[in-house]
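Colleague: below are the sequence and a predicted model for it; my questions follow.
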Amino acid sequence: MNTPKYTTDVLIAGAGPGGASTSIFLAKEKINHIIIDKATFPRDKICGDALSGKTVGMLQRITADWQQLFLGDEHKAIVCCGIQFIAPGNTSLDVPFQLNNAGKQTPPGFVSKRIDFDNILAGLIDRQYATLLTGTLLQDIEETDEGLLVTILQNGEQQQIFTRMIVGAEGRGSIVAKKLAGHTMDPAHFSAGIRGYYKNVSGLHAQHYIELHFLQEFQPGYLWIFPLADGVANVGVGMLSKNIAAKKINLKQMMADAIATHPNLKNRFSNAVQDGPIEGWGLPLGSKKRNLSGNRFLLTGDAASLIDPFTGEGIGNAMVSGLVTSRIIKKALDANNFSEQFLAQYDEEIYKKLWTELKLSHYLQQLSSKPRLFNFIVGKASRSKELRETISCMFENVDIRKKFMNPLFYLKILFNR
Ligand SMILES: Cc1cc2nc3c(=O)[nH]c(=O)nc-3n(C[C@H](O)[C@H](O)[C@H](O)COP(=O)(O)OP(=O)(O)OC[C@H]3O[C@@H](n4cnc5c(N)ncnc54)[C@H](O)[C@@H]3O)c2cc1C
């Protein structure tokens, strides 16, 4: 064995939202570590580019200057104030985001291209405690008695890092998740998504609401239109991989057809110009529990399959898991214990925080594939202020989301105009 080029207590593989947050929170604990990414920043990531209230909450924990950093340039980010649902039967429902009680000035969410968002977040990695190695690909991991021997590729040369523990934050297709946790892709809990940028889409909401079009042909899934700065929109579709395979669907063709022919969309896209290629990526959904830790490793973000199965949002959960990861690493270092048994507290804490929400979102994902019920709820809500407010709160408050799992909720709205 060659002498490893680097030796560390903690290695984070991936500097996207999951890995960067882990690093930033570890630095707040004054813990030295190495973080690697195969890309050099700024780099793109296929995404809807929508940053929810949960992401805003995590950015507030990271730095008091977050608004200036992430929203300061009007060409790079746009604040959005709500969601517009369009049910399969065409009824549309505007749901404003609840304003934060703590400060009405706090933007409830925003849309920013990932090439910008991820670059700003990675720029907050604290070099006093973190050694950031970009252009560095994780290739392999070997378990030894004393730790992990990690093979990396840097400038075309293979090198090794010796670490006492590793955080898998490489997103979909994580080597740490495959090799150490034994994860495989499950098409019933995995979506495929594509997105393109378009200029001149007409009819965008005046308060920059994000639009979710639950078209019949994309069930369970939806077509989205998210407004970006400078008159550009991020347009994409996401759909469960199980259904794509069963129906032999070509997502790009389906999106092109919907834009060209759907009565709600064709006029809005008549002067639109596609800006760059349509590209796709996978979404590992959090609709099934998995092992998130083991001997000397923890998984965060997409490597841990934590994407919301209804909304497709994964950045907020990646950042939340980064925070929890940093806390568990501190405990492991203090106890000098990196065993599977000790690190299992990570799984407990993650699922204590996120499972209720993920389970409810899985339920809503299944509900959205029942067009008649979905049309009925959206239709009722468009006429009922109380129901609209319930749905609005649902995005912030898990207890309110629970209402959707109770059959009495549907009976109540059936008899309540
Ligand atoms: C089409 C689509 C639309 C989406 N829309 C939204 C949305 O609007 N809002 C939202 O919140 N979420 C959305 N998501 C989900 C979101 O993109 C992910 O949940 C989020 O990026 C997860 O962050 P992460 O840090 O775990 O992984 P990633 O963002 O994928 O980051 C992983 C990092 O690891 C690096 N890496 C990968 N392999 C290696 C390796 N072998 N060695 C070293 N480095 C490596 C990569 O270069 C990358 O920088 C969408 C996803 C898709 C596919």
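Modeller: Arrived safely.

Colleague: measure N291 to P309 for me?
Modeller: 19 Å (Cβ to Cβ, to the nearest Å). C-beta coordinates here come from the backbone N, C-alpha and C atoms, glycine included.

Colleague: which one's more surrounded, these two?
Modeller: P309 (25 against 16; other Cβ atoms under 10 Å).

Colleague: thinking that one is in contact with S287, fair?
Modeller: Yes - assessed by Cβ atoms under 8 Å, P309 is found in contact with S287 at 4.2 Å.

Colleague: and the single nearest residue of the stretch 1-150 of the chain relative to the ligand, backbone torsions?
Modeller: Closest approach between the stretch 1-150 of the chain and the ligand, counting by Cβ to the nearest ligand atom: G16, at 2.2 Å. With angles defined as degrees, to the nearest 10, G16 sits at phi -80, psi -160.

Colleague: what about it, neighbour count?
Modeller: When neighbours are counted by other Cβ under 10 Å, G16 comes out with 28.

Colleague: show me the contacts for D126.
Modeller: For D126, the contacting residues are S23, I24, A27, K28, by Cβ atoms under 8 Å, 6 or more residues apart in numbering.

Colleague: name the SS class of the first one, please.
Modeller: It stands for S23. helix (DSSP: H, G, I helix; E, B strand; the rest coil).

Colleague: one step back: confidence score at the residue of the stretch 1-150 of the chain closest to the ligand?
Modeller: Note on G16: pLDDT of 98.

Colleague: and if you look at E211?
Modeller: pLDDT, read off for E211, is 94.

Colleague: my guess is it contacts I225, does it?
Modeller: Yes - judged on Cβ under 8 Å, E211 makes contact with I225 at a distance of 4.3 Å.

Colleague: ranges for the helices of the stretch 301-417 of the chain?
Modeller: 315-335, 340-368, 371-383, 385-394, 398-402, 407-415 (DSSP state H, counting those that start in this stretch).

Colleague: the stretch 1-150 of the chain too?
Modeller: Under DSSP H, counting those that start in this stretch, the stretch 1-150 of the chain gives helices at 17-28, 53-62, 66-71, 114-123.

Colleague: which of these sits closest to T356?
Modeller: The closest of those to T356 is helix 53-62. By Cβ to Cβ, the value is 14.0 Å.

Colleague: other SSEs contacting that closest one?
Modeller: Applying 3 or more Cβ pairs under 8 Å, 6 or more residues apart in numbering; DSSP states H and E, one finds that helix 53-62 makes contact with helix 17-28, helix 66-71, helix 315-335.

Colleague: near the ligand, which residues of this structure are found?
Modeller: 13-19, 36-39, 45-50, 137-138, 169-171, 175, 193, 195, 236, 238, 281, 283, 301-303, 307, 312-316, 318 (Cβ under 6 Å from any ligand atom).

Colleague: those residues in strands, which ones?
Modeller: Members of the residues of the chain next to the ligand lying in strands (criterion: DSSP state E): A13, I36, A50, L137, L138, G193, R195, G236, G238, W281, L283.

Colleague: would you turn those into CSV with pLDDT and distance to F110?
Modeller: Output for these, formatted as CSV (pLDDT from 0 to 100; distance: Cβ to Cβ, whole Å):
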residue, pLDDT, distance to F110
A13, 99, 28
I36, 98, 29
A50, 95, 8
L137, 98, 31
L138, 98, 31
G193, 97, 20
R195, 98, 17
G236, 97, 17
G238, 94, 20
W281, 98, 21
L283, 98, 20
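
Colleague: for S202, state which of those residues is nearest.
Modeller: G236 (18.2 Å).

Colleague: quick check: closest non-adjacent residue to the closest one.
Modeller: Once flanking residues are discounted, G236 sits nearest to R195: 3.3 Å by Cβ to Cβ, 6 or more residues apart in numbering.

Colleague: quick one: contacts for K252?
Modeller: Here K252 is in contact with I194, I278, G280 (criterion: Cβ under 8 Å, 6+ apart).

Colleague: you'd agree the first one is up against V237?
Modeller: Meaning I194. Yes - contact criterion Cβ under 8 Å: I194 and V237 qualify, at 6.1 Å.

Colleague: overlap in contacts of these two?
Modeller: L251, M255.

Colleague: would you mind telling me which of those two has the busier surroundings?
Modeller: A count of neighbours by other Cβ under 10 Å puts V237 above the other of I194 and V237, at 26 against 19.

Colleague: what does the pLDDT read for that one?
Modeller: 96.

Colleague: highest neighbour count among the ones in strands among the residues of the chain next to the ligand?
Modeller: A13 (30 neighbours).

Colleague: ok, now which ones touch it?
Modeller: Residues near A13 by Cβ under 8 Å, 6+ apart: G19, I36, L138, V150, I166, V167, G168, A169, E170, S174, I175, V176.

Colleague: let's see 7 Å
Modeller: Counting by Cβ atoms under 7 Å, 6 or more residues apart in numbering, A13 touches G19, I36, L138, I166, V167, G168, A169, E170, V176.

Colleague: isn't the first one right next to G171, touching?
Modeller: No - with contact taken as Cβ atoms under 7 Å, G19 and G171 are classed as non-touching, separated by 8.8 Å.

Colleague: more crowded one of those two?
Modeller: The neighbour count for G19 versus G171, taken as other Cβ under 10 Å, is higher for G19 (29 against 23).

Colleague: and the pLDDT at the residue lying closest to the more buried one once chain neighbours are set aside?
Modeller: Distances taken as Cβ to Cβ, 6+ apart put A169 closest to G19, at 3.2 Å, once the chain neighbours are dropped. With respect to pLDDT, A169 scores 99.

Colleague: next, A169: phi, psi?
Modeller: phi -130, psi 30.

Colleague: so who does it touch?
Modeller: I12, A13, G14, G16, G18, G19, T22, T300, G301, A303.

Colleague: how close does L148 sit to P96?
Modeller: 48 Å.

Colleague: and the two? which has more neighbours close in?
Modeller: The residue with more neighbours, out of L148 and P96, is L148; 21 against 14, by other Cβ under 10 Å.

Colleague: just confirm that one contacts R296, I think it does.
Modeller: Yes - counting by Cβ under 7 Å, L148 does reach R296; the two are 5.6 Å apart.

Colleague: any shared contact partners between those two?
Modeller: Jointly contacting L148 and R296 under the rule Cβ under 7 Å, 6+ apart are I166.

Colleague: tell me which of the helices of the stretch 301-417 of the chain sits most buried.
Modeller: helix 315-335 (a mean of 22; mean count of other Cβ atoms under 10 Å).

Colleague: in terms of secondary structure, what does that helix contact?
Modeller: Here helix 315-335 touches helix 17-28, helix 53-62, strand 157-168, helix 340-368, going by 3 or more Cβ pairs under 7 Å, 6 or more residues apart in numbering; DSSP states H and E.
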